[in-house]
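[1] Model the following, please.
(one chain, ligands or ions: 2)
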Amino acid sequence: MDSDDDFENNVKTLYLKNKLSAKDTANLVRSAHKRGAEDLDAFKTIGKKQPKNAQRDLMRKFTRGSKLPKPYFANVPIKDRKTGNKAMVILPFLLVSELLVHIMLGFGTGFRDILEDPPGSGFANMKQQWRADNNIPADDLVASLGMHGDGVSLGKQGSINVISWNITSMEGGERNMFTAIEKRDLCDCGCFGRCTLDSIMEIFRWDLMALYTGLWHTERHDGSAWLDTDKDRKTKKGKMGIRGQLQQCRGDWPWFKWLFGFKGWQSNDQICWRCRANKSSIPYWHASTKAQWMKRRLSQRDFANLIAENGFDMSPLFSIPGFDFYNICIDSLHAMDLGFTQDICGNIFWECLGIYAVGRNKKMQIGDFVMKLKEHYKRMKTPNCINTVTLDMLKKDGKAPKLRARGAETRYVVPFALEIAVAVHAEIQSEHTHNVLMCVSALMDFYMTFGVRPFPKDDAKIACLNAAHYYVLLAEEASSEDKRAWVIKPKLHIFMEMGMFQVDELGDPMTYWAYRDETFVGLVSEIGETRGGPSDAATAPLRIIERLRALSR
Ligand SMILES: [Zn+2]
Ligand SMILES: [Zn+2]
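    Ligands and ions are numbered 1, 2, ... in the order given. Predicted coordinates for the structure are as follows:
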């Protein structure tokens, strides 16, 4: 059955490296099955009934077999729900080291290929440096890892912070759970939640140290002996057969603020962890190569001082060999698809009502808008469409316009925004419509650099600066007319940090895409909900981890 195994591995590799769509992979496996590859039985139904689920089904089949490793339990300080005081709770963790080995064993021989970073990317260089600095033998497998923080809604109870990780070389690869903690349970001793988060990160650091050495853990994270719940892990000794390097830490602004202790945008002082930008003397929104903030960059030492000035300790993450502040990644999903791009599209869509989208009233105009959007989708064969658009999705009362849609939906609607800007400018020909057109054209140009080899860094920088420049002109115009539109937000600065600096350090934004596995995030939200009964800070995390383990079978 060797040839079938090889075939299966090849298909996996093709699929996982994004050379085939999930649907194509499923079709390929199904036709191979018809030709007599009996061992592929497990694959034959994948994606047949619901092509939409093909990707998920495939991922499941690829990691099928044994259940995920058992959770690791550890004490973490939280806020007691009754007293509000600092208390301890036992939280469950799915250890990165154990899950990574589990995934590796599931893939078999194709795994080495999957671990290759895109050649020439900032991350490939980073891994090479890491190997050299730490004398890692060339034959040793090293996985490039990214960690994420996401706030996920949890029914009526509010939200839960999910800490997950992925193998960054695996495009579109699944998110894997580490742990989760509800927002309401974060320690509130004046630490802004840092007591809770730092002890979670301490366990993450301990686990990543095992991946640094490539050796199984020999004791618990606090140096104590194994507990009864560690039965499976105490028998594991010696080499794991893989190492891991933490290359990226991704998330949105609140997550970074929380994780690293940035004061944020409330103060007039420093507001960025990469430069000296502020809200007054060094304006963070300046979109010019002469902008002060572009010259006043922070060093690693400045960064450490900034955290100390804010009265916080350095996150345990910085004790992981090879992790420094350059590894804190601004990604296009959070900076653009769920940020700057939503502001641009929201404003364009709102302004086009009555001009491009016609009708006697707003309700009829939005109807016409949706009809034109659908025509556009059909013409462009857009893969990721917004189902419908309501007035509420473009503008909430008293607020500036902003498109409320998912990240991928927003990215794929940019060509429509451009189409509208072209049509509106052709009709009105004002300075305003000109600036709108320039802004969205530049935004589109920036997106178009993604995935181009070699990465056109200079084109990306020009597009980034232009998009920001015209946006700021529109913001100034709106504010001079006292209109709440084209509002300048911190994400504009984050976008420029990514488009002007990170593209130099890390290359193509597609290689540090915060692919937000909406299945994963949605699943967590769905299964994390607690239905009545007594609950504490560990209830939802434990439910999520146990269900994920069961589903992975
Ligand atoms: Zn605290
Ligand atoms: Zn900055």
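
[2] Quick one: name the residues of this protein near ligand 1.
    Proximity of the chain to ligand 1 (Cβ under 5 Å from the ion) is limited to residues 187, 189, 191, 195. Glycine gets a C-beta too; all of them are placed from N, C-alpha and C.

[3] Just the buried ones from the residues you listed?
    187, 191, 195 (16 or more other Cβ atoms under 10 Å).

[4] Tabulate the residues you listed (TSV), appending secondary structure, distance to ligand 2 and pLDDT.
    As requested, those are exported to TSV (DSSP: H, G, I helix; E, B strand; the rest coil; distance: Cβ to the ion, whole Å; pLDDT from 0 to 100):
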residue	secondary structure	distance to ligand 2	pLDDT
187	coil	29	93
191	coil	26	84
195	helix	28	92
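
[5] List just the nearest of the residues you listed to residue 292.
    In terms of Cβ to Cβ, no member of those lies closer to residue 292 than residue 191, at 33.3 Å.

[6] Just want to check the distance between the closest one and residue 394.
    Note on residue 191: its distance to residue 394, by Cβ to Cβ, to the nearest Å, is 39 Å.

[7] Could you do residue 84 as well?
    The span separating residue 84 from residue 394 equals 40 Å under the rule Cβ to Cβ.

[8] And what about the residue located most distally from the centre of the chain, helix, strand or coil?
    Ranking residues of the chain by C-alpha distance from their mean position (Cα atoms, centre = their mean) puts residue 360 at the top, at 41.5 Å. Taking DSSP: H, G, I helix; E, B strand; the rest coil as the rule, one finds residue 360 in the coil state.

[9] still on that earlier bit, neighbour count winner among residue 84 and residue 394?
    Set side by side, residue 84 and residue 394 show more neighbours around residue 394, with 23 against 10, by other Cβ atoms under 10 Å.

[10] quick one, what contacts the more buried one?
    Contacts were defined as Cβ atoms under 8 Å, 6 or more residues apart in numbering; by that measure residue 394 touches 346, 349, 350, 366, 401, 402, 403, 404.

[11] Among the residues you listed, name the ones in helices.
    In this view, the contacts of residue 394 that belong to helices under DSSP state H are 346, 349, 350, 366.

[12] Any regions of this structure where pLDDT drops low?
    1-66, 120, 157, 171-173, 262-269, 513-519, 530-533, 552-553 (pLDDT under 70).

[13] Okay, domains of it per the record?
    Per automatic domain parsing, the structural domains of the chain span 4-63, 72-250+321-329+516-551, 332-512.

[14] what does this structure have sitting close to ligand 2?
    Selection of the chain residues close to ligand 2 by Cβ under 5 Å from the ion yields 272, 274, 275, 277, 497.

[15] Need the residues that contact stretch 211-229.
    Residues outside stretch 211-229 that contact it (Cβ under 8 Å, 6+ apart): 70-74, 95-97, 100, 134, 140, 143, 145, 202-203, 206-207, 210, 230, 233-234, 236-245, 320-321.

[16] Got a quick PyMOL command for the buried subset of the residues you listed?
    Buried residues within the contacts of stretch 211-229, as defined by 16+ other Cβ under 10 Å, are selected in PyMOL through the command that follows:
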select buried, resi 70+71+72+73+74+95+96+97+100+143+145+202+203+206+207+210+230+233+234+236+240+242+243+244+245+320
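
[17] The contacts of stretch 211-229 in helices, which ones?
    Assignment to helices by DSSP H places the following of those there: 96, 97, 100, 202, 203, 206, 207, 210, 233, 234.

[18] with the residues you listed in mind, which one is nearest to ligand 1?
    The closest of the ones in helices among the contacts of stretch 211-229 to ligand 1 turns out to be residue 202 (Cβ to the ion; 13.8 Å).

[19] distance of the closest one from residue 188?
    Plainly put, residue 202 is 19 Å away from residue 188 if you go by Cβ to Cβ.

[20] And for residue 78?
    When distances are taken as Cβ to Cβ, residue 78 and residue 188 turn out to be 9 Å apart.

[21] same thing with residue 148?
    Per Cβ to Cβ, residue 148 is found 24 Å from residue 188.

[22] ok, those two, which is more surrounded?
    For residue 148 and residue 188, the more surrounded residue by other Cβ under 10 Å is residue 148, and the numbers stand at 26 against 17.

[23] Backbone dihedrals for the more buried one, please?
    With angles defined as degrees, to the nearest 10, residue 148 sits at phi -130, psi 150.

[24] Equivalent analysis for residue 321, please.
    According to degrees, to the nearest 10, the main-chain angles of residue 321 amount to phi -50, psi 130.

[25] hang on, isn't it packed against residue 134?
    Yes. Assessed by Cβ atoms under 8 Å, residue 321 is found in contact with residue 134 at 6.5 Å.

[26] would you list the contacts of residue 394 in TSV and tack on neighbour count?
    Written out in TSV, the entries for the contacts of residue 394 read as follows (neighbours: other Cβ atoms under 10 Å):
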residue	neighbour count
346	24
349	26
350	18
366	21
401	21
402	21
403	23
404	17
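
[27] Just list the residues touching residue 376, thanks.
    Residues touching residue 376, when contacts are defined by Cβ under 8 Å, 6+ apart, comprise 382, 415, 416, 419.

[28] Tally up the residues packed near the last one, please.
    Going back to what we said before, that points to residue 419. Count around residue 419 with other Cβ under 10 Å applied: 18.

[29] What sits closest to it if chain neighbours are left out?
    residue 376 (6.4 Å; Cβ to Cβ, 6 or more residues apart in numbering).

[30] just the third one next, same as before
    The shortest distance from residue 416 to any non-neighbouring residue, by Cβ to Cβ, 6+ apart, is to residue 376 (4.8 Å).

[31] ok, and for the helix or strand that the one you found is a member of, which residues are buried?
    Under the criterion of DSSP states H and E, residue 376 resides in helix 362-380. Within helix 362-380, the residues that qualify as buried by neighbour count (16+ other Cβ under 10 Å) are 365, 366, 367, 368, 369, 370, 372, 373, 376, 377.
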